[in-house]
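S.K.: Here is my input; please provide its structure:
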Amino acid sequence: MGLVLIMWKRCTTRGWRTLGVYTSHGIFSSGMPTRGRHQAQPIRALLLWVVLLWDWLTPRRWSGCNLTWRSWWRTIWLYSRLYEHTRFGVTTWHSWTLWASWLPSTQALPPLTSSPPMTNWVRRGGEGLREFYGLDESDLDKVFRLPTTTFIGGSESTLPLREIIQRLEMAYCQSIGVEFMFINDLEQCQWIRQKFERPGIMQFTLEEKRTLLARMVRSTRFEEFLQRKWSSEKRFGLEGCESLIPALKTIIDKSSMNGVESIIMGMPHRGRLNVLANVIRKELDQIFCQFDSKLEAADEGSGDVKYHLGMWHRRINRVTDRNITLSLMANPSHLEAVDPVVQGKTKAEQFYCGDTEGNRVMSILLHGDAAFAGQGVVYETFHLSDLPSYTTHGTIHVVVNNQIGFTTDPRVARSSSYPTDVAKVVNAPIFHVNADDPEAVMYVCNVAAEWRATFHKDVVVDLVCYRRNGHNEMDEPMFTQPLMYKQIKKQKGVLQKYAEKLIAEGAVTRQEYEEEIAKYDKICEEAHTRSKDEKILHIKHWLDSPWPVCVCFFKMDGQPKSMTSPSTGLTEEELGHIGHIASSVPVEDFTIHGGLSRILKGRAAMVGQRVCDWALGEYMAFGSLLKEGTHIRLSGQDVERGTFSHRHHVLHDQNVDKRICIPMNHIAPNQAPYTVCNSSLSEYGVLGFELGFAMASPNALVLWEAQFGDFHNTAQCIIDQFICPGQAKWVRQNGIVLLLPHGMEGMGPEHSSARPERFLQMCNEDPDAYPKFSAEEFAVRQLYDCNWIIVNCSTPANYFHVLRRQILQPFRKPLIVFTPKSLLRHPDAKSNFDDMLTGTHFQRLIPDSGPVCEKPDGVKRIVFCTGKVYYELTRERKNRGMDNTVAIARIEQLSPFPFDQVKVETDRYPNADLVWCQEEHKNQGYYDYVKPRLRTTVDRTRPVRYAGRGPAAAPATGNKAAHLVELQRFLDTAFNLDAFTGQS
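M.R.: Predicted coordinates:
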């Protein structure tokens, strides 16, 4: 049968890592990963080991060649290990298989330390083989039949051993190395083989070479211009990897040829200005303005440093003569945090244009080698790549692998062989390429774009390069990498090397090359001159996600609009119709669970009684917005059913596996689609994804629900760096909604608190200043000025209204909702339809409407609270018979603080003590936020007392009995009218 065994082994691991058997009929196993990966079928594994044993015991000769089977295996094994190369102090082991995998470049960047003996051996090619095996010249001329799985022969089916070695060296021992044998798909493996093994693949036309040179000139001279003009400014230049610019432009050109119309990009700070200038085509004078510290900033927000800014631009692609939209997302210094945001925005654009296969919209993510290997969000983002509700149908990842992380060497920065190994979890091929070979870079990027268009899967381009300066232009790298930077200083620039190559080939003349340089230098100088005319620095010129409509929500002719709170109520008929959908199965012959049948009957009964609980109130809000044309996307862990089994937005047929029904998509014929999707067990990646999704359109309600509010802190980076300050830094509105289950119910320190104190601490409102707005627009102007909205609703009706207000208000702000757990089924936590009818709206504060209203002068205490604790307070007040002496007011909207409505309540009860009551600990919860605002409301004439749990390190006790004792203790304080006697 003509078996040829392919073995792949790393010297840094124990045992064989990948085994494959090839036959004249094709492949039996493209890979048998071990150590926890997919195990090959037993018959395949047995076959492999039989062949191995046979080889070990049988000294037969092979087709008249002096190489025995065992010697042949040793040859392959040696090739798999023989090239340990050292570049700039980084030692890396590469692997190679006879016909399929790769041996890395012998034309790589020059090593900065002495090479291992085998490096010199392999560079000697056939001579080294002869010495190692004792072969004479005639052995190299023996002819072998080539396997059908290789493409090195071109049109030939047999080749001499000498030619086989030479062609393998051309395919796998030049500037490109390929990792792909871990991919468990023969078609994909063969596709990659033919892209790199076919003779003569690296052929470029004269026009392509001249275009590549021009792009290298722009990339290099841009950095040199910035260095000349602003040598003492941080800019995180691209020196050492100038080929990144033609790499990206090649990907864009090829993708445009394949029909892509929009590309969303994310990248770190290194090289960002160059990408903005030469890829996105941001006006150079606008970039240069960012270096002028004397320019006055427009009153549009706090802004951000120049190497964090993003940009959106639509232009004609000169290669394809087609329109293409490029968007580079703004991002913080937190490396890789933008990855899921880019993927979410890409998914949204695909969704809104009906691009179900990712043929029109795609994403490109740029990474640094240290961050790609070190940041966990990279792994989280990769694992979204093939999930039905999150896939973007393939992302091209480009790693700027300068072989250092600030001052840290790779040997102490990662445990994997390569920084790109994380990509193997999704079977993404990895193309390593010497960034000092622009033509190899161009070829690899073309292949990467073709791969994405063909298979709609992720692919990684690893640009192996260096960093000519320190971490920034002010940093001294010789402190920590002296030998490395001595070699880098000797390294000739890639532009100079490539220009000399083309001049030697006759592709360009030296005069043409110098004219190209002079042409771009002139462009930069003219832009620099224009930049001096700018007087004001506008952040709005750097929008990365402009909305096609509603560009200016709040102004008309440059003046603020007079606005009032929108009516968010519905008609009786609409409530009844949506309630009917929520309590029925709109699909015939669909069997639901018996327990769910009882839940639906309960909903139907509530609709008949004109009341709703929390789940039904949410259903009413979602259903009405869908009917009005607003797309809704709800994502998070277990959101389809709901962590607390209350939602049930996806029904499962009990008799047919995987058959589901989403009643919300059956509300009206022309409704907007409803997307509800259980996410992977990730907070950081998924919240970032949903944030990106919400950026694409203002006409969408995008919600992320934490399984418990406590778990949001693993996504703290997205909250702190994007959601909270996003508009201030980047003039970018976003209406994402966070649903965070919160409440102290004796469930322990990890299932009790959504940490409201952290969200409230980041509000941009001045606690010591009473807002000076007119009564008519007080509420809306507050909302417009705040950085985000924080609510803790105590009724289903108010939850219903706040969700609808999120869309109906004429601007977008992030909304943080502390949602209940015990209130989901609390008998008193229900709302009447009257509270949801036309003319009703969200109540920022719900005043006490009981007996205290009859004689407010006799009220001794007014207790302000928020959320679930209200029901515990009312129960305790009733038990104590204090309905006439203690008023309880619920602050439903915490930020922006309802100063005006709180003032009404404090003025209504002039003789009452002011008490803030919360179930959280004193150093947590709302107290530190509410107290100064209450004091401001009463002009600091009345003290604000505290009733709640005392300070603590943990959010809650893990002991149920202790929990109840703490609860009763602060309730006693709240209703003991003498509790604060004698206190100042």
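S.K.: And for Asp292, the neighbour number?
M.R.: 12 (other C-beta atoms under 10 Å). C-beta: built from backbone N, CA, C; applies to glycine.
S.K.: er, Asn323 I mean
M.R.: 12.
S.K.: which of the residues in the one helix or strand it maps to are buried?
M.R.: Asn323 belongs to strand 322-328 when elements are defined using DSSP states H and E. Buried residues in strand 322-328, counted by 16 or more other C-beta atoms under 10 Å: 324, 326-328.
S.K.: which helices and strands does that strand pack with?
M.R.: helix 244-257, strand 262-266, strand 311-317 (3 or more C-beta pairs under 8 Å, 6 or more residues apart in numbering; DSSP states H and E).
S.K.: Contacts for it next, please.
M.R.: Strand 322-328 is contacted from outside by 252, 256, 260-267, 272, 275-276, 279-281, 310-317, 345, 544-545, using C-beta atoms under 8 Å, 6 or more residues apart in numbering.
S.K.: Tell me where the model's unsure across the protein.
M.R.: Where the chain drops to pLDDT under 70, the residues are 1-129, 299, 548-563.
S.K.: Give me the domain ranges for it.
M.R.: 4-197, 242-426+452-498+505-542, 572-742+792-836, 848-975 (automatic domain parsing).
S.K.: list the contacts for the residue nearest the centre of the chain?
M.R.: Taking C-alpha atoms, centre = their mean, the centroid of the chain lies closest to Pro340, which sits 1.0 Å from it. By C-beta under 8 Å, 6+ apart, Pro340 lies in contact with 377, 380-381, 384, 684-689, 691-692, 718.
S.K.: Who wins on neighbours among those residues?
M.R.: Greatest neighbour count in the contacts of Pro340, by other C-beta under 10 Å, goes to Phe689: 34 neighbours.
S.K.: ok, it to Ile718 distance?
M.R.: 9 Å (C-beta to C-beta, to the nearest Å).
S.K.: Identify the contacts common to those two.
M.R.: Shared contacts of Phe689 and Ile718, counting by C-beta under 8 Å, 6+ apart, come down to 340-341.
S.K.: just to revisit the earlier point, nearest to Phe842 among the domains of the chain would be which one?
M.R.: domain 572-742+792-836 (3.8 Å; C-beta to C-beta).
S.K.: Report the separation between the residue nearest to the centre of the chain and Thr391.
M.R.: 13 Å.
S.K.: just Phe236 next, same as before
M.R.: 32 Å.
S.K.: Repeat that for Thr211.
M.R.: Counting by C-beta to C-beta - Thr211 and Thr391 are separated by 33 Å.
S.K.: swap in Ala700?
M.R.: 19 Å.
S.K.: hang on, Leu161 packs against Arg145?
M.R.: No. With contact defined as C-beta atoms under 8 Å, Leu161 does not count as touching Arg145 (11.9 Å).
S.K.: Which one's more surrounded, those two?
M.R.: Leu161 (18 against 12).
S.K.: Could you tell me which residues make contact with that one?
M.R.: Contacts for Leu161 (C-beta under 8 Å, 6+ apart) come out as 65, 139-144.
S.K.: Quick check on it: phi, psi?
M.R.: phi -60, psi -40 (degrees, to the nearest 10).
S.K.: Report the inter-axis angle for the longest helix along the chain versus helix 244-257.
M.R.: Secondary structure assigned by DSSP state H gives helix 206-229 as the longest helix of the chain. Helix 206-229 runs at 140 degrees relative to helix 244-257, counting by axes from the mean of the first three to the mean of the last three C-alpha atoms, to 10 degrees.
S.K.: What are the contacting residues of helix 206-229?
M.R.: Contacts for helix 206-229 (C-beta under 8 Å, 6+ apart): 204, 233, 235, 237-239, 242-246, 249, 273-274, 277-278, 288, 291, 438-439, 442, 473, 493-495, 498-499, 502, 505, 507-508, 513, 516-517, 520-521, 524, 528.
S.K.: Mark which of those are buried, thanks.
M.R.: Going by neighbour count (16+ other C-beta under 10 Å), the contacts of helix 206-229 have 235, 237-239, 242-246, 249, 273-274, 277-278, 288, 291, 438-439, 442, 473, 493-495, 498-499, 502, 507-508, 513, 516-517, 520-521, 524, 528 buried.
S.K.: Tell me which of those fall in helices.
M.R.: Going by DSSP H, the helices hold 244-246, 249, 273-274, 288, 438-439, 442, 494-495, 498-499, 502, 513, 516-517, 520-521, 524, 528 from those.
S.K.: residue contacts, the residue nearest to Met216 when sequence neighbours are not counted?
M.R.: Leaving aside its sequence neighbours, Met216 sits nearest to Leu495 (C-beta to C-beta, 6 or more residues apart in numbering; 4.9 Å). Going by C-beta under 8 Å, 6+ apart, Leu495 touches 216-217, 219-220, 242.
S.K.: ditto for Val904
M.R.: Counting by C-beta under 8 Å, 6+ apart, Val904 has contacts Pro847.
S.K.: does it sit in a helix or strand, and which one?
M.R.: helix 899-908.
S.K.: List the buried residues in that helix.
M.R.: 899-903, 905-906, 908.
S.K.: try stretch 483-492
M.R.: 484-485, 487-488, 491.
S.K.: okay if I get those residues as JSON lines plus distance to Phe406 and secondary structure?
M.R.: Output for the buried residues of stretch 483-492, formatted as JSON lines (distance: C-beta to C-beta, whole Å; DSSP: H, G, I helix; E, B strand; the rest coil):
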{"residue": "Met484", "distance to Phe406": "13", "secondary structure": "helix"}
{"residue": "Tyr485", "distance to Phe406": "14", "secondary structure": "helix"}
{"residue": "Gln487", "distance to Phe406": "19", "secondary structure": "helix"}
{"residue": "Ile488", "distance to Phe406": "16", "secondary structure": "helix"}
{"residue": "Gln491", "distance to Phe406": "20", "secondary structure": "coil"}
